[in-house]
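Undergrad: What follows is a predicted structure for the sequence shown.
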Amino acid sequence: MVQHSFLRSSLALIAAAAATAIAAPALAAEKSVAVTAIVEHKALDAVRDGVKDELKSAGFEAGKNLKFQYQSAQGNNGTAAQIARKYVGERPDVIVAIATPSAQAVVAASKDIPVVYSAVTDPVAAKLVKTWEASGTNVTGVSDLSPLDKHLELIKRVLPNAKRVGVIYSPGEANSVAIVDALKKAVPAAGMTLVEGAAARTVDVASAAQSLVGKVDVIYAPTDNNVMSAFEGIVKVAQQAKIPVVAADTDAVKRGAVAALGLNYYDIGQQTGKIVVRILQGQAPGTIASQTSKTFELHVNPGAALKQGVTLSDELLKSAQVVVK
């Protein structure tokens, strides 16, 4: 009798436990987002931070219901390819690729894992997507396309008599080549000519700037990852030669550019994060069209201007959203 009673009690406990398990709501499965960037500098770091913060605000928090990882390729395309292969092998829910070389590496490595690129100037030229419309593939993202016509206007506002514009860029980066090609078409209408200074590696940036001395009236620094990583080298040359530097990245103004009209890269990160959230919630990346940001800010640095041989007009100073002291 004791044995039968014990058996009945045990069966009752098992049945109760089973009923509780059935009634309990299923815990939300952990999602996984893997982020990579070609190099670490403030603009690209801001994109990463914007993505992470946007995910958290949507309820996806690292350490709770989200596995969030980040790796930088440290400016090396081979490393970018290795990171891409590693991520694809881990099969996260979404891979976020920041800047053109990292995005190209990830897109080449996977045709089924959702890929969201960010801070890619021309995703079509970079062959990430065929058009700006919804791709129908595993790829979508956010571009940091620069308003080149407005940048040329800014150059004229900084130096009204500017005729020769020097541009420093990476010939191996599709993003940069696309910018230079667009500049070649745009400068004649602005009454200017373009002089190129190629920098294949970060260590070549300062020498590329030096090669422009005596040939240009102003130096234009595009949203090029090598250029931004070694921007102080350009500033040093510009101060010595009294050549003003105008940039596409507003963070460059704190680092010594005279002026910049650019995007807020943290905002781009948040915009990218919103796309990632949509995919985590079940939307296919191929149904989301590539996006651009339309919000631009003018930053100026009158102190840097004086060191580079120019004085900024009151009109320019008053129209700036940020004046670096």
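TA: Looks like it came in fine.
Undergrad: Just the CA trace of stretch 242-249, in CSV.
TA: This file holds the C-alpha atoms of stretch 242-249, laid out as CSV (Å, rounded to 0.1, in the frame of the first residue of the first chain):
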residue,chain,number,x,y,z
LYS,A,242,48.3,77.2,-45.8
ILE,A,243,45.7,75.2,-47.8
PRO,A,244,42.2,74.9,-46.2
VAL,A,245,40.7,71.5,-45.8
VAL,A,246,37.0,71.0,-46.3
ALA,A,247,35.5,67.6,-45.4
ALA,A,248,32.5,65.4,-45.9
ASP,A,249,32.6,64.0,-42.3
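Undergrad: For this structure, which segments are assigned as strands?
TA: Applying DSSP state E to the chain gives strands spanning 31-37, 66-72, 94-98, 115-120, 139-143, 164-169, 193-198, 218-221, 245-247, 259-263, 291-292, 296-300, 322-323.
Undergrad: so how far is the last one from its chain's centroid?
TA: Put plainly, it is strand 322-323. Taking CA atoms, centre = their mean, to the nearest Å, one finds the center of strand 322-323 at 22 Å from the center of the full chain.
Undergrad: partners of it, with directions?
TA: Strand pairing for strand 322-323, determined by DSSP bridges: strand 296-300 (parallel).
Undergrad: most packed of the strands of the chain?
TA: Stretch with highest mean neighbour count among those: strand 94-98 (a mean of 30; mean count of other CB atoms under 10 Å). Quick note: C-beta positions are derived from backbone N, CA and C, even for glycine.
Undergrad: Strand partners (parallel or antiparallel) of it?
TA: Sheet partners by DSSP bridges: for strand 94-98, these are strand 31-37 (parallel), strand 115-120 (parallel).
Undergrad: my guess is residue 217 meets residue 164, correct?
TA: Yes. Counting by CB atoms under 8 Å, residue 217 does reach residue 164; the two are 4.9 Å apart.
Undergrad: Quick check: residue 241 vs residue 101, distance?
TA: Distance, residue 241 to residue 101, by CB to CB, to the nearest Å: 30 Å.
Undergrad: who has more neighbours, these two?
TA: The residue with more neighbours, out of residue 241 and residue 101, is residue 101; 27 against 16, by other CB atoms under 10 Å.
Undergrad: Export the strands of the chain to TSV and append columns for distance to residue 158 and mean pLDDT.
TA: Shown next, in TSV, are the strands of the chain (distance: least, CB to CB, whole Å; pLDDT from 0 to 100):
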stretch	distance to residue 158	mean pLDDT
strand 31-37	30	98
strand 66-72	33	97
strand 94-98	29	98
strand 115-120	25	97
strand 139-143	26	97
strand 164-169	11	97
strand 193-198	17	97
strand 218-221	7	97
strand 245-247	6	97
strand 259-263	5	94
strand 291-292	25	94
strand 296-300	9	94
strand 322-323	14	96
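Undergrad: one step back: need the strands paired with strand 94-98 in JSON lines with distance to residue 305, can you?
TA: As requested, the strands paired with strand 94-98 are exported to JSON lines (distance: least, CB to CB, whole Å):
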{"stretch": "strand 31-37", "distance to residue 305": "31"}
{"stretch": "strand 115-120", "distance to residue 305": "27"}
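Undergrad: Quick one: neighbours of residue 290, just the number.
TA: Counted with other CB under 10 Å, residue 290 comes out at 22.
Undergrad: quick one, phi psi at it?
TA: With angles defined as degrees, to the nearest 10, residue 290 sits at phi -60, psi 140.
Undergrad: How about it: what's its closest non-neighbour residue?
TA: Leaving aside its sequence neighbours, residue 290 sits nearest to residue 132 (CB to CB, 6 or more residues apart in numbering; 5.0 Å).
Undergrad: Over to residue 109?
TA: residue 84 (4.1 Å).
Undergrad: With residue 323 as the reference, measure out to that neighbour.
TA: 41 Å.
Undergrad: The residue nearest the centre of the chain: what's it in contact with?
TA: Centroid check for the chain by CA atoms, centre = their mean gives residue 119 as the closest residue, at 2.8 Å. With contact set as CB atoms under 8 Å, 6 or more residues apart in numbering, residue 119 has these partners: 43, 44, 47, 98, 99, 142, 143, 144, 223, 265, 268.
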